[in-house]
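In: this one's structure only:
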């Protein structure tokens, strides 16, 4: 059953373990980083060394979220070489640039068009659901390129069947750590 959004801190806490569903293998290296006049919710590094930003918004601010993504990406790109000097063990490869994942309950057509026009910006939706009695959980899903009105992709990249039965990890409720055991 869908439920209203929890307070922002709880929402971010619930989304953190779900990020791996959008960006498999992403290693989160910072949370709540002060960027270009606003906080970047999550900063991660892909196994390739590419930096990934995750910015969470609401459905009322989906278009502004695209603008914020571009500003934060530019701010981070200008500092990647400095980060590499400060923390060479991060495995950051500045030449790969920065990718941004935007998460919101939905994206309107105008926001989808703006994100498509900006390379390196991926979109995903989240839904808060009641998990039993009073507990809530947050589910995420990548949007397909060219999706209309925030319609989710037919299947996120990691939802391929893992078993002969045709079940996938989402249907089995596997955590990111459990799923990595099958990789």
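Out: Okay, I see it. This structure is a prediction, so every number in the text was calculated from the model and none was measured.

In: So what's the residue count around residue 74?
Out: Neighbour count of residue 74, defined by other C-beta atoms under 10 Å: 12. No exception for glycine: its C-beta is placed from N, CA and C like everyone else's.

In: typed the wrong thing, it's residue 141
Out: Applying other C-beta under 10 Å, we find 20 residues neighbouring residue 141.

In: before we move on, what about residue 31?
Out: 15.

In: Now do the same contact list for it.
Out: The neighbours of residue 31, taking C-beta atoms under 8 Å, 6 or more residues apart in numbering as the test, are 12, 16, 41, 42, 43.

In: And the pLDDT at the closest residue to residue 94 other than its chain neighbours?
Out: The shortest distance from residue 94 to any residue other than its chain neighbours is 3.9 Å, reached at residue 80 (C-beta to C-beta, 6 or more residues apart in numbering). pLDDT, residue 80: 94.

In: what do you get for residue 68?
Out: Residue 68 is assigned 96 on the pLDDT scale.

In: Equivalent analysis for residue 110, please.
Out: So residue 110 comes in at 94 (pLDDT).

In: So it belongs to a strand, correct?
Out: No - Residue 110 sits outside any strand when classified using DSSP: H, G, I helix; E, B strand; the rest coil, being helix.

In: Against residue 94, how distant is residue 81?
Out: 5 Å (C-beta to C-beta, to the nearest Å).

In: list the buried ones in whichever helix in the chain runs longest?
Out: Across the chain, the longest stretch assigned as helix under DSSP state H is helix 62-77. The neighbour-count check on helix 62-77 (16 or more other C-beta atoms under 10 Å) flags 62, 63, 65, 66, 68, 69, 70, 72, 73, 75, 76 as buried.

In: now stretch 37-51
Out: Buried, per 16+ other C-beta under 10 Å, within stretch 37-51: 40, 41, 42, 43, 44, 45, 46, 50, 51.

In: Next: stretch 2-20.
Out: For stretch 2-20, the neighbour count (16+ other C-beta under 10 Å) marks 11, 12, 14, 15, 18, 19, 20 as buried.

In: Specify the local secondary structure of the last one.
Out: If I follow you right, that is residue 20. Of the three states, residue 20 takes helix according to three-state DSSP.

In: The fourth one too?
Out: Going by three-state DSSP, the secondary structure assigned to residue 15 is helix.

In: if I pick the spatially closest residue to it that is not a sequence neighbour, what's in contact with it?
Out: Leaving aside its chain neighbours, residue 15 sits nearest to residue 138 (5.5 Å; criterion: C-beta to C-beta, 6+ apart). Counting by C-beta under 8 Å, 6+ apart, residue 138 touches 11, 14, 15, 18, 126, 127, 128, 129.

In: could those residues be laid out in JSON lines, adding pLDDT and distance to residue 90?
Out: Converted to JSON lines, the contacts of residue 138 look like this (pLDDT from 0 to 100; distance: C-beta to C-beta, whole Å):
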{"residue": "11", "pLDDT": "93", "distance to residue 90": "26"}
{"residue": "14", "pLDDT": "93", "distance to residue 90": "26"}
{"residue": "15", "pLDDT": "95", "distance to residue 90": "22"}
{"residue": "18", "pLDDT": "94", "distance to residue 90": "22"}
{"residue": "126", "pLDDT": "94", "distance to residue 90": "27"}
{"residue": "127", "pLDDT": "92", "distance to residue 90": "32"}
{"residue": "128", "pLDDT": "89", "distance to residue 90": "32"}
{"residue": "129", "pLDDT": "88", "distance to residue 90": "34"}
